[in-house]
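*Asks:* this one's structure only:
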């Protein structure tokens, strides 16, 4: 009984670590997407020249 409990605890710890990493990775992706969207909005507000500059300087990431 005790060994089963220990094994379950170990499995839970490992899963918790991976779950935490997955949540952090998802949050990071959402943050990057948000920043790109804000940059796109800012570029469209400023005007086409700024958008072209953003496109050329970031290698097409903000297009």
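*Replies:* Cool, the structure landed. Computed from a predicted structure; not experimentally measured.
*Asks:* Quick one: the helices in the chain, in order.
*Replies:* Applying DSSP state H to the chain gives helices spanning 2-46, 48-57.
*Asks:* Could you give the average pLDDT over the last one?
*Replies:* Taken as a whole, helix 48-57 has an average pLDDT of 69.
*Asks:* cool, stretch 30-43 as well?
*Replies:* Rounded mean pLDDT across stretch 30-43 is 85.
*Asks:* For residue 37, give its distance to residue 44.
*Replies:* Counting by C-beta to C-beta, to the nearest Å, the gap from residue 37 to residue 44 is 11 Å. All C-beta spots, glycine's among them, are computed from the backbone N, C-alpha and C.
*Asks:* Would you format the helices of the chain as CSV with mean neighbour count included?
*Replies:* Shown next, in CSV, are the helices of the chain (neighbours: other C-beta atoms under 10 Å):
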stretch, mean neighbour count
helix 2-46, 10
helix 48-57, 13
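*Asks:* need the contact list for the residue nearest to the spatial centre of the chain.
*Replies:* The chain has residue 29 as the residue nearest its centroid, 1.5 Å off, counting by C-alpha atoms, centre = their mean. Counting by C-beta atoms under 8 Å, 6 or more residues apart in numbering, residue 29 makes contact with nothing.
*Asks:* could you measure it against residue 6, distance?
*Replies:* 35 Å.
*Asks:* Kindly report the same for residue 34.
*Replies:* Residue 34 is 42 Å from residue 6, by C-beta to C-beta.
*Asks:* now residue 17
*Replies:* 17 Å.
*Asks:* cool, and residue 39?
*Replies:* 50 Å.
*Asks:* repeat for residue 24
*Replies:* Counting by C-beta to C-beta - residue 24 and residue 6 are separated by 27 Å.
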